[in-house]
Every structure is written in structure tokens, then in C-alpha cells.
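[1] Let's see this in three dimensions:
(3 chains)
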Amino acid sequence: MNEPAFVIPLWADLVAVGLGGVQGALFASGFRGQRRLDFLGVAIIGIVIGMGGGLIRDLLLGVVPATLQHNGYLLTATGAAIVGMLLAGIFERLTAVIVGLDAIVIGLFGAFGTSKALALGLPLVPAVFVGVFAAVGGSVLRDVLMGLPVAIMHVGSLYAVAAGVGCLVLAVADAFGAPLVAAAIAGVVVTAVIRILAVIFDLSLPEQRMLYRRKVAVETSAITIVRPPEDAA
Amino acid sequence: MNEPAFVIPLWADLVAVGLGGVQGALFASGFRGQRRLDFLGVAIIGIVIGMGGGLIRDLLLGVVPATLQHNGYLLTATGAAIVGMLLAGIFERLTAVIVGLDAIVIGLFGAFGTSKALALGLPLVPAVFVGVFAAVGGSVLRDVLMGLPVAIMHVGSLYAVAAGVGCLVLAVADAFGAPLVAAAIAGVVVTAVIRILAVIFDLSLPEQRMLYRRKVAVETSAITIVRPPEDAA
Amino acid sequence: MNEPAFVIPLWADLVAVGLGGVQGALFASGFRGQRRLDFLGVAIIGIVIGMGGGLIRDLLLGVVPATLQHNGYLLTATGAAIVGMLLAGIFERLTAVIVGLDAIVIGLFGAFGTSKALALGLPLVPAVFVGVFAAVGGSVLRDVLMGLPVAIMHVGSLYAVAAGVGCLVLAVADAFGAPLVAAAIAGVVVTAVIRILAVIFDLSLPEQRMLYRRKVAVETSAITIVRPPEDAA
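    Numbering: from 1, shown residues only, chains lettered A, B, ... in the order given. Now for the predicted structure:
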């Protein structure tokens, strides 16, 4: 365990907020849906990705949100969102930048979440959970606000798993007495590397449906009747 | 009122988390949408249903979430979600099991939410509200994450009403001096029975539109123009 | 800065909750989607709009929600939702009423949010953020619960901007030593006037896409591939 006086350095927190803000605005700028996002919509997504991780972490931990104690967080997130919008106008193909930034951002928010949770005395399992939630929570909010299917729910590229493994590495290293800063750096690197490799090699978890394909093949609509999804209507 | 030192016994809380985890994973395993859920998606729904009620309750009450103070909650929810996935592979028709488990789970989360709120000194009406929110909040999160229409909003089977009546029974019994454990058991039973009867007899609230059908029949699109839903485009 | 003993008078808070409840139920009563809302759904939307702003404010500020400390809030919100349902049955064209009430409600919740944040010692920028979040948060919850596109994200009528300008006026006036009540009234008026003018003159922010239309015209699907929206499938 670590001293309870642990605080994430302001500059590190602001770096995560800024990278998140750029990434969120880049992502939202590339959105083409039936309904158009306006400038404000893009800025909101930037702020949500930049500040969502820290807000969720502090709500779960029951502490007053650090992101609301200092003018710097919101100014950084808003400025970064504007930078993201401008970059989206300059570059043409940004997929690699978006994915790379995203990998670093979820690594940082995961590491900050788990570190702060451990510093506040939470046991290992909930500390990892807080880290994962802080890492991916911003993207859940983004998808809900934009009306997209929630990314971490669907056959994808090991998004939450990457966050979980990184946070677990951090928490286990801390439990074995490693310095928290070193453990946090290891956690960030592990998360970012898994996430980037997953995108490059198009890895994903097997579908859960494989489990009982045999039976369903015989009687196709076994459980569907419970509640049909809207798009099946 | 009760002594402020009231705590829900750990075993009872873990039973609710476990049943919720099984139910959530069973529900999610039966999902057939345009986009497939992977293993992780099913596990997330199990964890959301198992832990959502307690998390929402404690956020509303402004206390540090009990579910994050002990490794047991997340391990139970995760284990239960895995059991739910396996059961979904073994059984073919699970509707009855899903509905029954669900009725018990909303009863338990409602009773725990209202009990804890009363023990913290909240008045009767907000205590019932916290109970209802704890009971149905997990299902709202599930529907948002899975991209389904939010169940409690639509013509259905008295979902939130069942939770509300059970929580009200508990709170009124407590106000009349009944022992909290007895009041809580009564609340759970009332909620579960209403919910199960509602499903069996296909009960639902009348549509609100019935109220002004006469007028709308004359001038069909009176209010629709305020904001047309996406699917009407 | 103001004395930390600042509290929003109960009657003012209940007025905001009541107006919000009426507005929410009116809005929801006019909803025509593929899936019907029942009475309870309409009541839930009324309660969400009436109480959402205060709940979100207090969660962000890390204080126990004021709306759960007194029976009056929920009773007011529920009663107001019922009034809203009845009004929806009596009147035929309610668009003007809905928009006008909405403008006042977001003004009130924004002003209360920013005032309370300043009184708790938050810096100016986060205090404005809390106000904006309190003002528009209820509508975000409403849209998510009803399965509508989230209004503040899309090319619209300066919804969040109206709240932001009003909260900023309040916070700047407070920083220059104006009495908080006067500053709050100014904030409410500014927000409501901007919002109503925006609806009347159909003002909106330019689309963010204008920024890089030139490039996209050449290579149309540049960024779309990142994640196609569901409705494009």
C-alpha cells in the first residue's frame, strides 16, 4: 500500500486530459451519421473524452472530482478539442493517429484510476475495476451521446481487456512493493501495446454465441423472443 | 427510524450481486441484434446487473460505494456472469428463469436501497425513490449499453411499479415501527410477486396517449413536430 | 466569493423542479415513436427533467443530493408530471409552451448549479461547467431514456450555448462583487432570452464539417471508415 497523501501530479493529469480532448474531437469530426454534429457537439465529445475518465474515477471513489478543483482541466480539454477539430481539417487520413492517441489515453486514465484507488485503500480487485471504468467510461459516454453502438460491448479489438490487463499489472506490481510510479508506467505501456497490437492484427474475443451454436442451430429463435431488438422490427 | 449503524450483511449483498450477475449474463446471451456481443460484452452486462443497483444506491446517498470496499463483490459478479453464460449454453428455453431471477433481483436491490436510505435518515419519499432507482437502474444501464429501447419507459409489465410498491411497503412498515428485516422481506416478496404476476397475466399500464386520443384523432400530427424521432426520418 | 453557508431557498428549488416536471411530461406526451411510452414513462421523464439538474449538480459537487433530503422534491416533480400529462390532453398545440418552459428551466438549473458551485469555493471555469451540466443534463438523460438522438449534440438551436452564456454572466458578475441573487437573476434571464431567440430565429452553430469540406469533397469517405454509424449499415 502507499501513503494516502498520493496525488496525481497536475501536469500528468493535464497531459491525459489534453490528449483525450484531441482524440475525442478527432473522432467526432470524422463522424458521418444521419444527424450532423455541430461545432459544439464535436467540442463536447472532446471534453467528454478528456475529462470523463477523471470524473468517473472520482465519482466511484466518493471524492470531490479533481477535475473541478482547478480551472486548468476544463481549459485544457476545451483547447485540446479545438486543436483536434483543426487537425481533422488539416489531415486527410487520421485513423492511425486516432487509434494511437486512444491507446495512450486509456492507458493513462486506467493507470491514474487504479493508482488513486489503491492510494485510497481500496482492495486490488475494485482498484482494477475503477481503473478500467475510468479508462473506458469516456468512450461509453461518447457512444451514448453520439447514438453509436457502445464500442466495448461488441466484437471488437480488446478494448476493455487492454485496460484491464494494464491496470492489473499496475495493481499486482504495487502489491509486490514496486514503486507506484514505475508500476503506473508499466501499466500504461502494457495497455497501449495490447490495444495497438489488437487493432493491427485485428484481434478480438470469440463471440459468446459460439458456446451454444449447436443447440441454437436446431431451434433457431430459442431466446430471441424475450425482447426483440428495435432494429429487428 | 433505525440506528444509523445499519449495514446490509455482506452475504445478503453478495447473494443479490450473484443472482443479478447470472440474470444479466443469461439475458445478454439471448440477445440477437445486428451487432454481436462478444464474451466480454456478456460479462459486462452480468457485472452491470449484479453491481449496478448497489453502485447507484451509494452514489445517490453520497456514500463511498460498498461494492468497491471488498474484493468479494466484483469476484462474485464476474463468477456469476460466467455461470450465466454457461447456463445459457446448457438450457434452451430460459425465459421463465430470466423473469424469475429478475423479479427477485429487483426486489432485493429495491429493499436494500430503501433500507440503507432510511438508515441514513432520508425521509420516506426519497428513500422509496432510492430503492426504485437501485432496483431498475441496472436494467437502464443494460439497455443503454446494449442499444435496446429502455424497458421501463415503454408499455410493458409494471417493472418500476413493482419495485415502487415493494419499497413503499418496506418504508411504511418501517415508519410504523416494524423490524427492518421483516419489512425488507415483505418488500422483496411484494415486488417479486407483482412482477411475476404482471408477466404471467401480461398486465401493463394504459398508454398515456389514451388521455387525449379524441383530439389527436382530429388533428393527427399536433405535437409530433416538436422533435421527430430518428426512426421516423 | 460568497459565504459558504449559501443555500438555494427551498421554494425557488421547488419552483424549478415543478416547472421542469411539467415541461418534461409535456414533451414526453407529444412523443410518437415506434415504441409507445406508457403513463409511467411520461411520469419518469417529468421526474427526470424536474430533478435531474439538481441531482447532477450535487453529484458533481460531491455533496449529498439536496433533492433527496426532503419529501417535497419528489412529490413536486411527480405532481408536476401529472399536471403536464393533463395539460397535454387539454391543449392541442403546445410547442410554444414547451419551448418557453424549457428556456426558463435551463436558466434556473444553470443559475442554481453555478451559484452552489461558487459558494462551495470552485473556481470560475468549473463553476460554469457545473451550471451547464446541471442545465442540460436532464435533457441528455431524457433523450437517452427515450431513445432519441441527444439534442445538445446536433445542429440545433444553441441549447448548451444559452446555458453557458447565462452561467458565465452569473460567475463573472459574482467575481466582480455583484450580489449573488442579482447575478443569478441576470444569468437566468440571459439564458432564457438566448434560447427563445434562437428558437424564434432558427439560429444554430455552423456545422463543424464546413471546416474541411474542400478536402472531403475530393476524397469523400476519408474518415468514415473509422466506425460507421449503425444507421449507415
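[2] Only C-alpha atoms from now on, for both contacts and neighbour counts.
    Will do.
[3] Could you list the low-confidence segments of chain A?
    Counting by pLDDT under 70, chain A shows low-confidence ranges at A:1-7, A:32-36, A:91-94, A:155-157, A:203-233.
[4] One more pass at 50, please.
    Confidence mapping of chain A against pLDDT under 50 gives the ranges A:1-5, A:208-233.
[5] which residue ranges form the helices in it?
    Here chain A has its helices, by DSSP state H, at A:10-29, A:39-61, A:71-90, A:95-119, A:124-146, A:159-175, A:180-200, A:213-218.
[6] looking at those helices, which is closest to residue B:191?
    Among those, helix A:39-61 comes nearest to residue B:191, with 28.4 Å by CA to CA.
[7] Just the CA trace of the closest one, in CSV.
    Output in CSV follows, covering the C-alpha atoms of helix A:39-61 (Å, rounded to 0.1, in the frame of the first residue of the first chain):
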residue,chain,number,x,y,z
PHE,A,39,-19.0,22.6,-33.6
LEU,A,40,-20.4,22.3,-30.1
GLY,A,41,-21.1,18.6,-30.5
VAL,A,42,-17.5,18.0,-31.5
ALA,A,43,-16.2,20.1,-28.6
ILE,A,44,-18.5,18.2,-26.2
ILE,A,45,-17.1,14.9,-27.3
GLY,A,46,-13.6,16.3,-26.9
ILE,A,47,-14.4,17.4,-23.3
VAL,A,48,-16.1,14.1,-22.5
ILE,A,49,-13.1,12.0,-23.6
GLY,A,50,-10.7,14.4,-21.9
MET,A,51,-12.5,14.8,-18.6
GLY,A,52,-14.8,11.7,-18.4
GLY,A,53,-12.1,9.3,-17.1
GLY,A,54,-11.2,11.5,-14.2
LEU,A,55,-14.8,12.4,-13.3
ILE,A,56,-15.9,8.8,-13.3
ARG,A,57,-12.9,7.7,-11.2
ASP,A,58,-13.7,10.3,-8.6
LEU,A,59,-17.4,9.7,-8.5
LEU,A,60,-16.7,5.9,-8.0
LEU,A,61,-14.2,6.7,-5.3
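[8] Report the angle between that helix and helix A:71-90.
    Interaxial angle, helix A:39-61 versus helix A:71-90 (axes from the mean of the first three to the mean of the last three CA atoms, to 10 degrees): 140 degrees.
[9] so how far does stretch A:115-132 reach from one end to the other?
    Start to finish, the residues bounding stretch A:115-132 are 12 Å apart (CA to CA, to the nearest Å).
[10] Tell me the buried residues in that stretch?
    A:115-120, A:122-132 (16 or more other CA atoms under 10 Å in any protein chain shown).
[11] The most centrally placed residue in chain A and chain B: what is the separation?
    Nearest to the mean C-alpha position of chain A, by CA atoms, centre = their mean, lies residue A:136 at 2.6 Å. Distance from residue A:136 to chain B, counting by CA to the nearest CA, to the nearest Å: 12 Å.
[12] returning to that earlier point: can you narrow the buried residues of stretch A:115-132 down to the ones near chain B?
    A:122, A:123, A:124, A:125, A:126, A:127 (CA under 8 Å from any CA of the partner chain).
[13] Just give me the neighbour total for residue A:152.
    By other CA atoms under 10 Å in any protein chain shown, 23 other residues sit near residue A:152.
[14] Surely it and residue A:160 touch.
    Yes. In this structure residue A:152 lies within contact range of residue A:160 using CA atoms under 8 Å: 6.4 Å.
[15] hey, what's in contact with both of these two?
    Shared contacts of residue A:152 and residue A:160, defined by CA atoms under 8 Å, 6 or more residues apart in numbering or on different chains, comprise residue A:136.
[16] where's residue A:60 relative to residue B:68, distance?
    8 Å.
[17] cool, residue A:185 as well?
    Relative to residue B:68, residue A:185 is positioned 24 Å away (criterion: CA to CA).
[18] In terms of neighbours, single out the busier of these two.
    residue B:68 (24 against 15).
[19] ok now do the residue nearest to the more buried one when sequence neighbours are not counted, which residues does it touch?
    Nearest residue to residue B:68, sequence neighbours excluded (CA to CA, 6 or more residues apart in numbering or on different chains): residue A:126, at 5.1 Å. Residue A:126 makes contact with A:117, B:67, B:68, B:69, B:70, B:71, B:74, according to CA under 8 Å, 6+ apart.
[20] before we move on, back to that, which of the ones next to chain B among the buried residues of stretch A:115-132 sit farthest apart?
    Applying CA to CA across these, the maximum distance is between A:122 and A:125, 8.3 Å.
[21] if I pick residue A:50, what's in contact with it?
    Contacts for residue A:50 (CA under 8 Å, 6+ apart) come out as A:16, A:17, A:18, A:19, A:20, A:21, A:22, A:24, A:77, A:138.
[22] Right, I'll call it a day here.
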